[in-house]
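predicted coordinates and the sequence they were generated for:
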Amino acid sequence: MNRLKAIKTTEAPSPVGPYNQAIMVGGWLYCSGQIPLDPLSGDVVGEGDVAAQTQQVLKNLKAVLKASGCEISQVVKT
């Protein structure tokens with residue numbers, strides 16, 4: 001039986017709904033979608049600047065991956 005493990009880190013924004021930042025099950029990590037929020041302030045980063053927002057989203061995703069023991073080079077599908 002595969003156990004579900006919720007992944008949580010303060011280095012990425014807290015979920016804005018009833019879900020987890022990621023779930024680990026059976027050796028696979030399933031990440032929730034990320035938005036360009038600063039995890040400390042909760043503010044949107046790069047208002048109107050898609051490049052800045054993309055950088056923040058990737059920073060948040062990398063933080064969730066790190067909290068699970070994974071890294072971006074292990075991402076299979078986005």
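That came in fine, so what should we check first? Numbers count the residues shown, from 1 in each chain.

the most centrally placed residue in the chain in helix, strand or coil?
Taking C-alpha atoms, centre = their mean, the centroid of the chain lies closest to Leu61, which sits 3.6 Å from it. Look at Leu61: counting by DSSP: H, G, I helix; E, B strand; the rest coil, its state is helix.

how near is it to Ile72?
As judged by C-beta to C-beta, to the nearest Å, Leu61 and Ile72 stand 7 Å apart. Quick note: C-beta positions are derived from backbone N, CA and C, even for glycine.

same question for Thr54.
Taken as C-beta to C-beta, the span from Thr54 to Ile72 is 14 Å.

more neighbours: which of those two?
More crowded of Thr54 and Ile72, by other C-beta atoms under 10 Å: Thr54, with 13 against 10.

list the contacts of stretch 7-22.
With contacts defined as C-beta atoms under 8 Å, 6 or more residues apart in numbering, stretch 7-22 is touched by 6, 23-24, 29-32, 34-35, 37-39, 42, 60-61, 63-68.

redo that, cut-off 7 Å
When contacts are defined by C-beta atoms under 7 Å, 6 or more residues apart in numbering, stretch 7-22 is touched by residues 6, 23-24, 29-32, 34, 37, 39, 42, 60, 63-64, 67-68.

count the neighbours of the closest residue to the residue nearest to the centre of the chain other than its chain neighbours for me.
Excluding its sequence neighbours, the residue lying closest to Leu61 (C-beta to C-beta, 6 or more residues apart in numbering) is Gln34, at 5.1 Å. Neighbour count of Gln34, defined by other C-beta under 10 Å: 18.

could you pull out the strands for the protein?
5-7, 22-25, 28-31 (DSSP state E).
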